[in-house]
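> Predicted structure and sequence below. I'll ask about it afterward.
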Amino acid sequence: MLIETPDAGLFDELFDENNRVRPHCRMLENWLLESDENLIAEKRREADVLFQRLGITFNVYGEDQGADRLIPFDLIPRIISASDWHKLQAGLRQRVTALNRFLHDIYHSYEIVKAGVISAEQVFANSQYQPGMQNLKLPRNLYSHIAGIDLIRNNDGDFYVLEDNLRCPSGVSYMLENRRMMMRLFPELFAHSPVAPVEHYPNLLGETLRAASLKANPTVVVLTPGRFNSAYFEHAFLARQMGVELVEGADLFVHQNRVYMKTTVGPQQVDVIYRRVDDDFLDPLAGNPSSMLGVPGLYAAYRTGNVVLANAMGTGIADDKSIYPYVPDMIRFYLSEEPILKNVPTWQCRKKKDLQYVLDHLPELVVKEAQGAGGYGMLIGPKASKKELETFRGLLKAHPEDYIAQPTLSLSTCPTFVDEGVAPRHLDLRPFVLSGKKIQMVPGGLTRVALKKGSLVVNSSQGGGTKDTWVLEDDLC
Amino acid sequence: MLSRAASSLFWMARYLERAESQARQLDVSLNMALIDVPEDRTEQLSVPLLVSGTYDEFFEHHEEITPRNLIDFLLLDDQHPASVFNYIRNARDNALHVRGNLSADVWETINRAWLDLKVLQQEGVTESNASSVFDWIRERSHMFRGAAYGTLLRNDAFHFLRLGTIIERADTTARVLDIRHVMATRAMEEQATQSFFEWTALLNSLAAFEAYQNTYGHSLDPTSVAELLILSHELPRSLHSCLEEIAGLLDRVESGSAQRARRMASSLYANIRFGDTDYIEERGLHDYLVDFLARIQRIAGQIQKDYMGWHQ
């Protein structure tokens, strides 16, 4: 089968700048060259049927309830060398440690604000800052037990952190199911390559959640908004894999500041809630009063220390796009280390000078809402029409504090099956970092790929697909 | 386990059993309609409507009972709750709700049934391929049971799932026996050949024909049929077997302080276990079955109060 080579000037995961296959990817190249197109097409159909059958689907908001959609799955794995992963792992560990320190700090002694690293306004006036978390003592001072860090590889070959997700990062089930699917469809590929396993993630997650409580044998549950949530499959999957109950708000109640679940034999106390419900919906008495997803009184029980939430309330402040530019400074401030992973240069439109620069260079930049997610409400300068540019100019002038801007980075590409054959498509990577008694992660993450030629938007809600992510145990293959 | 999960497992299994049973009723009735003289056809075809309690509702959608209309209404119509389509949809919806408590194998059999059924509905079912669709539904039901037996822990999740299956089954057996026993007895008085087919239809719609031959090995008679379907401890669809399992399951379920459903089931089981055909005949089969149906419904209601009451 023919493999389309990447455009010059882009970093490709398979080919180097001279269009030679990178040494750690030779086995993948051989496989692609040997593979017959019809067989691959058949395997792709098989994968679709299997995903549908397993119910690995997601709902898109606004579409019919129960209209299950598949996230397109690409059969060509993305390979990360052992040496790249070692660096990534060290960088992720460092970053998540600093972020947890930051969260503890801004809810306790505010050292970083006092030292003038971040302005008081940016922390305390941020809508994600939860004053109610002030001075609350959390076991092991942990706020973000589960973090999903979005990374891209730029054309200089380095990984850059695009976004820290410290609230309810999703996608880990796809990482696991993609691996399962690949092993099922192409067992021979695995027999000949030292791919590091990821299957123990639910084990590590269970360990992390139990370590979130200081009790010896805590009762852990997964709290889901319910079966119409786009990530419901993942919630059920993780609960089943960990052997804990999957609960909805209505399954829980609070009595004398303790949380109980309603079981067939009566109330049973819950110690740790892996919640996949946003802060504001967790407790109608404390947050959104019309929320049916939460548990009345949960916040009070949490503040009393009778239940642990993973992730903690108020972690949103640390993954806010307006805080993101300060993460390298946090690492220096709390750990006295130089950041291992790079940040994408970011202009904060709240700053006059930055705003001016952004307005002057709008066609070159990507503009994002500080609170946005899912690839909505963003402007990709180089691809935008005159009209779109004007619209954003207006938005930026009216509410500069709501926006940040970044240079258009060229996300790396990787060969991908598309209608035209095998062609390079842009991708990113979301590894999952677990913080318990220690920081743990499985070698890999969720690779998302933009299926449209030249597109940089990889979100599944915008038509992106996923790939299996292979971290090699050694690079000699 | 969670009360809501217990409730979803219970209903998931009830709906699947109901789908299987409905496929059997339809299969038998459509076959009988081919054999019957024209004037008796409507009566034959009305049995599945009577069993599912949708006789009146049927006429809100259709003017007369024909095989075509019956297939449309009871198999694939998504506009009223008593179609196989909606039973399987509800089962799958409950399965989704309780997915954290199901093994991957059980979930997949249900999810696949639902996916295939949607395709079937698109393609449509005709009188000539209806039988193969009934076969398919029965196979799905067997597969679900096999996956449940083969892969689930024998804990309360399994117990509540089985309770759903068996309570639904006891209910079906009593209803079918009540309706078809009358028809067969009447046919016997009128026409001997016809009555053979009527008794066969009764036994077939409860998957008990071979069991009858095996047990009695002689010509069909009303007392033996009733004895088999009510009192046999060997026939899996007899009221005796169902109650034995219900009482046993309720003994094994972690119960805390809730004991009412358990006592009610044990008491009904004892009645059947030590009952005999003389008593049933004295009481009258119809009255006996009406009483049984009322009691099994009370037990089902009490199970929900005792264990799933949180979720009401």
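Yes, it's here.
> which residues of the stretch 301-450 of chain A score low on pLDDT?
A:372-376 (pLDDT under 70).
> Now do the strands in it.
Along the stretch 301-450 of chain A, counting by DSSP state E, counting those that start in this stretch, strands occupy A:308-310, A:342-343, A:347-348, A:365-369, A:379-380, A:403-407, A:413-418, A:421-430, A:432-435, A:439-440, A:446-449.
> would you list those strands in a markdown table and tack on distance to chain B?
Heads up, the C-betas are built off the backbone N, CA and C, glycines and all. Conversion of those to a markdown table gives the following (distance: least, C-beta to the nearest C-beta, whole Å):
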| stretch | distance to chain B |
| --- | --- |
| strand A:308-310 | 17 |
| strand A:342-343 | 38 |
| strand A:347-348 | 42 |
| strand A:365-369 | 33 |
| strand A:379-380 | 37 |
| strand A:403-407 | 38 |
| strand A:413-418 | 24 |
| strand A:421-430 | 24 |
| strand A:432-435 | 20 |
| strand A:439-440 | 23 |
| strand A:446-449 | 21 |
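> Adding mean neighbour count as columns, could you present those strands in a markdown table?
Shown next, in a markdown table, are the strands of the stretch 301-450 of chain A (neighbours: other C-beta atoms under 10 Å in any protein chain shown):
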| stretch | mean neighbour count |
| --- | --- |
| strand A:308-310 | 26 |
| strand A:342-343 | 16 |
| strand A:347-348 | 22 |
| strand A:365-369 | 21 |
| strand A:379-380 | 19 |
| strand A:403-407 | 23 |
| strand A:413-418 | 24 |
| strand A:421-430 | 22 |
| strand A:432-435 | 24 |
| strand A:439-440 | 18 |
| strand A:446-449 | 26 |
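> tell me the centre residue of chain A?
Nearest to the mean C-alpha position of chain A, counting by C-alpha atoms, centre = their mean, stands A:Gly148 at 3.6 Å.
> Who are the contact partners of it?
Counting by C-beta atoms under 8 Å, 6 or more residues apart in numbering or on different chains, A:Gly148 makes contact with A:Asn165, A:Pro169, A:Ser170, A:Gly171, A:Val172, A:Arg430, A:Pro431, A:Phe432, A:Val433, A:Leu446.
> Three-state assignment for it, please.
Three-state call for A:Gly148 (DSSP: H, G, I helix; E, B strand; the rest coil): strand.
> can you pull out the helices in the stretch 51-200 of chain A?
Using DSSP state H, counting those that start in this stretch, the helices of the stretch 51-200 of chain A run over A:82-106, A:111-114, A:120-124, A:172-185, A:187-191.
> Need those in TSV (columns: mean neighbour count).
Shown next, in TSV, are these (neighbours: other C-beta under 10 Å):
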stretch	mean neighbour count
helix A:82-106	20
helix A:111-114	15
helix A:120-124	16
helix A:172-185	21
helix A:187-191	11
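> Chain B: which of the ones you listed is closest?
Ranking these by distance to chain B, with C-beta to the nearest C-beta as the measure, places helix A:172-185 first at 10.4 Å.
> Tell me how far the residue nearest to A:Pro169 when sequence neighbours are not counted lies from chain B.
Distances taken as C-beta to C-beta, 6 or more residues apart in numbering or on different chains place A:Gly148 nearest to A:Pro169, at 2.8 Å, with adjacent residues excluded. A:Gly148 sits 22 Å away from chain B, going by C-beta to the nearest C-beta, to the nearest Å.
> The residue of the stretch 101-250 of chain B found nearest chain A and B:Trp11, how far apart?
Closest residue of the stretch 101-250 of chain B to chain A, C-beta to the nearest C-beta: B:Asn111 (4.9 Å). As defined by C-beta to C-beta, to the nearest Å, B:Asn111 lies at a distance of 16 Å from B:Trp11.
> cool, A:Pro218 as well?
For A:Pro218 relative to B:Trp11 (C-beta to C-beta), the value is 31 Å.
> Okay, buried residues for the longest helix along chain B please.
Across chain B, the longest stretch assigned as helix under DSSP state H is helix B:156-190. Using 16 or more other C-beta atoms under 10 Å in any protein chain shown as the test for burial, helix B:156-190 gives B:156-181, B:183-184, B:187-188.
> go on, stretch B:24-42?
By neighbour count on 16+ other C-beta under 10 Å, the buried set for stretch B:24-42 is B:24-33, B:36, B:40-41.
> List, one by one, the residues from chain B near chain A.
Contact residues (C-beta under 8 Å from any C-beta of the partner chain) of chain B with chain A: B:1-6, B:93, B:96-97, B:99-102, B:104, B:107-108, B:111-112, B:115, B:156, B:160, B:253-257, B:307-308, B:310-311.
> can you do 7 Å?
Contact residues (C-beta under 7 Å from any C-beta of the partner chain) of chain B with chain A: B:1-4, B:6, B:96-97, B:99-100, B:107-108, B:111-112, B:115, B:156, B:254-256, B:307, B:310-311.
> quick one: which of the residues you listed sit in helices?
In helices, judged by DSSP H, the following of the residues of chain B next to chain A are found: B:Ser3, B:Arg4, B:Ala6, B:Leu96, B:His97, B:Trp107, B:Glu108, B:Asn111, B:Arg112, B:Leu115, B:Asp156, B:Tyr307.
> Just flag the most distant two among those residues.
Farthest pair in these (C-beta to C-beta) is B:Leu115 and B:Tyr307. Separation: 31.2 Å.
> Compare the two and say which one has the larger neighbour count.
Per other C-beta atoms under 10 Å in any protein chain shown, whichever of B:Leu115 and B:Tyr307 has more neighbours is B:Tyr307, with 28 against 16.
> Look up the closest residue to the more buried one, ignoring the ones flanking it.
A:Thr264 (4.1 Å).
> go on, B:Thr66?
With C-beta to C-beta, 6+ apart, the residue lying closest to B:Thr66 is B:Leu45, at 7.4 Å.
> mind listing what's buried in stretch B:191-210?
Neighbour-count burial for stretch B:191-210 [16+ other C-beta under 10 Å]: B:194-195, B:197-206, B:208-209.
> now swap in stretch B:230-247 and tell me
Neighbour-count burial for stretch B:230-247, counted by 16+ other C-beta under 10 Å, picks out B:230-232, B:235, B:237-247.
> And for stretch B:278-295?
So stretch B:278-295, judged by 16+ other C-beta under 10 Å, has buried residues B:Ile280, B:Leu285, B:Tyr288, B:Leu289, B:Phe292, B:Arg295.
> got the residues you listed as JSON lines, with secondary structure and pLDDT columns?
Output for these, formatted as JSON lines (DSSP: H, G, I helix; E, B strand; the rest coil; pLDDT from 0 to 100):
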{"residue": "B:Ile280", "secondary structure": "helix", "pLDDT": "95"}
{"residue": "B:Leu285", "secondary structure": "helix", "pLDDT": "96"}
{"residue": "B:Tyr288", "secondary structure": "helix", "pLDDT": "97"}
{"residue": "B:Leu289", "secondary structure": "helix", "pLDDT": "97"}
{"residue": "B:Phe292", "secondary structure": "helix", "pLDDT": "98"}
{"residue": "B:Arg295", "secondary structure": "helix", "pLDDT": "97"}
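> hang on, isn't A:Thr263 packed against B:Ala5?
No: A:Thr263 is beyond contact range of B:Ala5, at 8.8 Å (criterion: C-beta atoms under 7 Å).
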